[in-house]
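Colleague: predicted structure and sequence below. I'll ask about it afterward.
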Amino acid sequence: MATGRARRVGDNTATRRTLIALAALITALFLFMPLVVIIAEAFAAGWSGYIGNILDDYTLDAIGLTLFVALLTVPITLVFGVFMAWLVTRFQFPGRKLLTALIDIPFAVSPIVAGLLYLLLYGRNGWIGEWLGRYDIQLMFAWPGIVMVTIFVTCPFVARELIPVMQQQGSDEEEAGVVLGASGWQLFRRVTFPNIRWALLYGVILTNARAVGEFGAVSVVSGSIRGQTNTLPLQVELLYQDANVVGAFAAASLLAGIALITLVAKSIVEWRQDRP
Amino acid sequence: MQAEASSISSSAAKRVLPGFGLSLGVSLFFLALVVLLPITGLFIRAAGMGWEAFWFVISDPRVVAAFRVTVLTALAASLFNCVFGVLMAWVLVRYSFPGRRLLDALMDLPFALPTAVAGITLAALFAENGWYGQALARVGIEVAYTPLGIIVAMAFTSVPFVVRTVQPVLEDLPGEDEEAAMSLGASDLTVFRRILLPGLWPAIVTGGGLSFARSLGEYGAVIFIAGNSPYISEVISLMILVRLEEYDFPAASAIAAVVLSASLLLLLAISVWQERSVKRLHGA
């Protein structure tokens, strides 16, 4: 340690060891043990019980709907995120700062409020919902409503991941591309995309994790009809309230698995960004 | 300097790079449709109620109690995260040790784990017969189904905020003043308090503010462990849902309008604060 570097705060061994131990202990108790509990509870009835719970018809339906919602949500927020990031990092215009601040709003809104916003507008008594009702179109308490609130909740993720990376990169390479006669699409695919693909990938993974796991907003607009509008997080709640704790944790273990994949992906993406 | 250079180059790019109209159109259309329209709708609904009806809903003792419980527990959870977050950021930035990467990765777990999963898991841990609940019961502490449970749930879901805002600032903090003070014989604690903390403070406040904003609206993680008894352990987002289940849309809208205003004001305050402290630190 003493390679001629000046002494800094917390360098002495006792302080160092105490702080590391404290940090590791709290993290283990507070963040790691929950993962252990999920596994322990999910497998409380053994392997066959676990498989049985996962293959339960309603749980399978919930998995299907959840994947369907994510499949619709991710591409939409991806397209928005790329355009948004391109706009605020490549151009100067009045209102740019305000626009950048607007993207963060969904992060600050309570999930329950988010669900209510859509219910008020598109529900049977809502302005748009009433009008749509005349044509027999029902968005709330059906899968479109779930997709709509999920888009609201997840729309900042891709943009938020891309903006700092694209800002740092600057636009010199792209300007060179324009001078060489590249079209807009060629520019994005050949110049911008290779530079941002890791941030983009992580943004998509984050969006997916949140889309799959959103609970509060979805529970306001879904109506939780078993086998029809029940997403996996809602199914976890339903099973838990039915006092089927093992079943609830079995379903929860799938979501925890997606969360772990997200964490691993983040580590890999950070590692790749460090050495391009 | 770097920011200045990039802003010059991108203002030049305005004339060079394609896609300004298209990306402006797509972004504005999306934001207007997905974010601004629904928010405006809620405020118009709440305003349409008239002041008296609005006040009647908001001043209901059960609603007031829910507001109080939510603000106090969110405050406690954010304070915990300020301390824990600084500790984690410090350990992750300043020391290298086996398992550091794992510890670093685990910090993001609360964002990646769906809130409902966090909720049932914490409830299982802290319930009377749970691993932690049993141990805590022996010393007479009850967590599950009390306001303490709400604090635990809120603290869990907002762990990453302070860690992730303090970490980069701590990495970039210049070492000269610290090293000079240490070589002059000041104690670790004094140097931390007098020299490092002032530099970290803006990041701690920002992270703590974000953590508080998130906790104010938290629902999924809280409801399973809170017990949800009116006046004692009922949070405000649950209160909105309760009114909604009574088909009392105006009341739900009124409460939601208050919560939404609070979140938006907090967001605004945090970004103004952030901008000012960046200017102060970099003297721009």
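Modeller: Yes, it's here.

Colleague: and for the residue nearest to A:Gln138 when sequence neighbours are not counted, the neighbour number?
Modeller: Spatial nearest neighbour of A:Gln138, chain neighbours left out: A:Leu132 (7.4 Å); criterion: CB to CB, 6 or more residues apart in numbering or on different chains. Any C-beta I mention is one placed from the backbone N, CA and C, and that applies to glycine too. Counted by other CB atoms under 10 Å in any protein chain shown, the residues lying close to A:Leu132 total 16.

Colleague: I figured A:Leu132 hits A:Leu139, correct?
Modeller: Yes: counting by CB atoms under 8 Å, A:Leu132 touches A:Leu139, with 6.6 Å between them.

Colleague: which ones are touching residue 250?
Modeller: Using chain A here. Counting by CB atoms under 8 Å, 6 or more residues apart in numbering or on different chains, A:Ala250 touches A:Ala42, A:Gly49, A:Tyr50, A:Asn53, A:Ile54, A:Thr59.

Colleague: oops, chain B please
Modeller: Applying CB under 8 Å, 6+ apart, the residues contacting B:Pro250 are B:Arg45, B:Met49, B:Ala53, B:Val57.

Colleague: change it to 7 Å
Modeller: Residues near B:Pro250 by CB atoms under 7 Å, 6 or more residues apart in numbering or on different chains: B:Met49, B:Ala53.

Colleague: and what of the one 10 residues further on?
Modeller: Taking CB under 7 Å, 6+ apart, we find B:Leu260 in contact with A:Val109, A:Val113, B:Ile39, B:Leu42.

Colleague: how much space between it and B:Phe161?
Modeller: 20 Å (CB to CB, to the nearest Å).

Colleague: residue 165: how many residues sit nearby?
Modeller: No chain was given, so I picked chain A. 18.

Colleague: let's do chain B instead
Modeller: Around B:Thr165 there are 24 residues (other CB under 10 Å).

Colleague: contact partners for it?
Modeller: B:Ala203, B:Thr206, B:Gly207.

Colleague: and the last one, what element?
Modeller: Right, B:Gly207. Element membership for B:Gly207 (DSSP states H and E) is helix B:197-217.

Colleague: list the buried ones in that helix?
Modeller: Across helix B:197-217, burial judged by 16 or more other CB atoms under 10 Å in any protein chain shown covers B:199-200, B:202-217.

Colleague: stretch A:22-38 too?
Modeller: A:Ala23, A:Ala24, A:Thr27, A:Phe30, A:Leu31, A:Met33, A:Pro34, A:Leu35, A:Val37, A:Ile38.

Colleague: does chain B sit close to it?
Modeller: Yes: using CB under 7 Å from any CB of the partner chain, stretch A:22-38 reaches chain B at A:Leu22, A:Ala23, A:Ala24, A:Ile26, A:Thr27, A:Phe30, A:Leu31, A:Phe32, A:Met33, A:Pro34, A:Val37, A:Ile38.

Colleague: not counting its neighbours along the chain, what's nearest the second one?
Modeller: To tie it back to what came earlier, the one meant is A:Ala23. B:Val91 (4.1 Å).

Colleague: distance of that neighbour from B:Arg164?
Modeller: 14 Å.

Colleague: who's more crowded, these two?
Modeller: Legend: neighbour count by other CB under 10 Å for B:Val91 and B:Arg164, higher for B:Val91 (23 against 18).

Colleague: how near is the more buried one to A:Ser48?
Modeller: Note on B:Val91: its distance to A:Ser48, by CB to CB, is 42 Å.

Colleague: measure the closest residue to A:Phe141 other than its chain neighbours to chain B for me?
Modeller: Spatially, and ignoring its direct neighbours in sequence, A:Phe141 is nearest to A:Gly223 (3.6 Å; CB to CB, 6+ apart). Noted for A:Gly223: a distance of 12 Å to chain B, by CB to the nearest CB, to the nearest Å.

Colleague: same question, A:Leu255
Modeller: As judged by CB to the nearest CB, A:Leu255 and chain B stand 5 Å apart.

Colleague: what sits against that residue?
Modeller: Here A:Leu255 is in contact with A:Val212, A:Gly213, A:Leu232, A:Pro233, B:Pro114, B:Val117 (criterion: CB under 7 Å, 6+ apart).

Colleague: name the element it belongs to?
Modeller: Counting by DSSP H and E, A:Leu255 is part of helix A:245-274.

Colleague: what pLDDT does whichever residue of the stretch 151-284 of chain B sits closest to chain A get?
Modeller: Among all residues of the stretch 151-284 of chain B, B:Gly217 sits closest to chain A, at 2.4 Å; criterion: CB to the nearest CB. B:Gly217 is assigned 94 on the pLDDT scale.

Colleague: how about the contacts made by it?
Modeller: Contact analysis of B:Gly217 by CB under 7 Å, 6+ apart lists A:Val109, A:Ser110, A:Pro111, A:Val113, B:Ser237, B:Val259, B:Ser263.

Colleague: 8 Å - rerun?
Modeller: Taking CB under 8 Å, 6+ apart, one finds A:Ala108, A:Val109, A:Ser110, A:Pro111, A:Ile112, A:Val113, B:Ser237, B:Val259, B:Ser263 in contact with B:Gly217.

Colleague: ok, now B:Trp90?
Modeller: With CB under 8 Å, 6+ apart, B:Trp90 has these contacts: A:Gly10, A:Leu19, B:Leu170.

Colleague: could you say which helix or strand holds it?
Modeller: Counting by DSSP H and E, B:Trp90 is part of helix B:61-94.

Colleague: list the buried residues for that helix?
Modeller: B:63, B:65-67, B:69-71, B:73-78, B:80-82, B:84-94.

Colleague: go on, stretch B:129-145?
Modeller: Quick answer for stretch B:129-145 (16+ other CB under 10 Å): B:Gly130, B:Trp131, B:Tyr132, B:Gly133, B:Leu136, B:Ala137, B:Val143, B:Ala144, B:Tyr145.

Colleague: count the residues that sit near A:Tyr58.
Modeller: Neighbours of A:Tyr58 using other CB under 10 Å come to 15.

Colleague: report pLDDT for the residue in the stretch 1-150 of chain A positioned nearest to chain B.
Modeller: Residue nearest to chain B within the stretch 1-150 of chain A: A:Ser110 (2.4 Å; CB to the nearest CB). The model reports A:Ser110 with a pLDDT of 95.

Colleague: residues in contact with it?
Modeller: A:Gly216, B:Leu216, B:Gly217, B:Glu218, B:Tyr219, B:Ser237, B:Val259, B:Leu260, B:Ser263.

Colleague: burial measure for the last one, as a count.
Modeller: Which is B:Ser263. Neighbours of B:Ser263 (other CB under 10 Å): 20.

Colleague: count the residues that sit near the closest residue to it other than its chain neighbours.
Modeller: Distances taken as CB to CB, 6+ apart put A:Ala108 closest to B:Ser263, at 4.4 Å, once the chain neighbours are dropped. By other CB under 10 Å, 22 other residues sit near A:Ala108.

Colleague: go on, the one 5 residues further on?
Modeller: By other CB under 10 Å, 29 other residues sit near A:Val113.
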